[in-house]
Each structure stands twice: as structure tokens, then as C-alpha cells.
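> curious how this folds, go ahead:
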Amino acid sequence: QVELAESGGGLVQPGDSLRLSCAASGRTFSGPMAWFRQAPGKEREFVAAFRRFTGRTYYSDSVKGRYTVSRDNTKNTMDLQMNSLKPEDTAIYYCAVRMGDLIQSALRSPEQYDYWGQGTQVTVSS
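As a prediction, this is how the structure comes out:
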């Protein structure tokens with residue numbers, strides 16, 4: 001079992017920044033950690049991922065250049081720095097973990113992940 005706890009959400013204005021954090025505990029895993037988000041009435045969508053096997057990061061087109069994901073292996077945490085936030089970024093943000101590695105083309109599929117956090121609300125509004 002892997003427990004995930006997200007933190008850092010809140011209400012911000014357009015153009016502001018916010019930093020989310022995901023802390024993992026429990027079983028050791030070697031697979032990727034990822035961020036997804038889900039807005040009301042929409043499906044859960046991929047935001048960003050860190051693939052431990054390659055040390056590479058991956059982003060959706062909608063956040064590329066504005067968001068940065070980082071991983072601290074010593075603390076078993078993953079952060080998401082979100083800059084230039086837009087109203088359309090409003091969603092519940094979830095942290096997810098896969099126990100084993102994933103090929104790059106599968107990173108964006110939520111059904112590939114084994115464990116999920118409870119989510120943290122991000123609201124961007126003036």
C-alpha cells in the first residue's frame with residue numbers, strides 16, 4: 001500500500017503562482033509519480049509526470065511552460081510549481097503513483113496508476 005497526501009491548494013487570482021506538494025509513504029515503488037486534475041463535469045486529465053526510470057519529466061500541452069514538476073527522492077515527495085495560472089486551471093489536483101515503470105505513451109492514462117491521493121482544490125478566479 002502507498003499513501004499519498006497532497007497539499008498546497010487554494011484560491012488565487014489569474015496570473016498568480018501556487019505550489020502543490022505530494023508526500024508518499026508506505027511501500028517502495030519504482031514507477032512514475034504524476035499529477036492529474038479534474039474540473040467539474042470533466043474527465044480526469046493528465047497534467048505532469050516524473051518518470052523515475054529515466055529521470056525525465058512530462059507535461060500536458062495546456063500546462064507546458066507554466067508548470068514545473070520536481071521530485072525529492074530523499075523525502076519521497078513530488079512538487080508541482082504552477083505559474084501564470086488561468087481560470088481554466090481550476091480543478092481538483094490529484095497525485096498518483098504507479099508501482100512499476102510505464103512506457104512514455106502510457107504515462108497520460110489515469111487507469112495505469114495504482115494509488116491516488118485525496119486531491120487538493122485549486123481555484124483561479126478574480
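> with adjacent residues omitted, what lies nearest to Leu85?
Val124 (4.6 Å; Cβ to Cβ, 6 or more residues apart in numbering). In short, each C-beta sits where N, CA and C put it, glycine included.
> quick check, that neighbour in contact with Asp89.
Yes: counting by Cβ atoms under 8 Å, Asp89 is a contact partner of Val124 at 5.2 Å.
> residue contacts, the residue nearest to Leu85?
By Cβ atoms under 8 Å, 6 or more residues apart in numbering, the residues touching Val124 are 12-14, 16, 85-90.
> now swap in Thr77 and tell me
Counting by Cβ under 8 Å, 6+ apart, Thr77 has contacts 21-24, 71.
> secondary structure class for the residue nearest to Trp35 when sequence neighbours are not counted?
Distance criterion Cβ to Cβ, 6+ apart; nearest residue to Trp35, sequence neighbours excluded, is Val47 at 4.2 Å. Assigned with DSSP: H, G, I helix; E, B strand; the rest coil, Val47 falls in the strand class.
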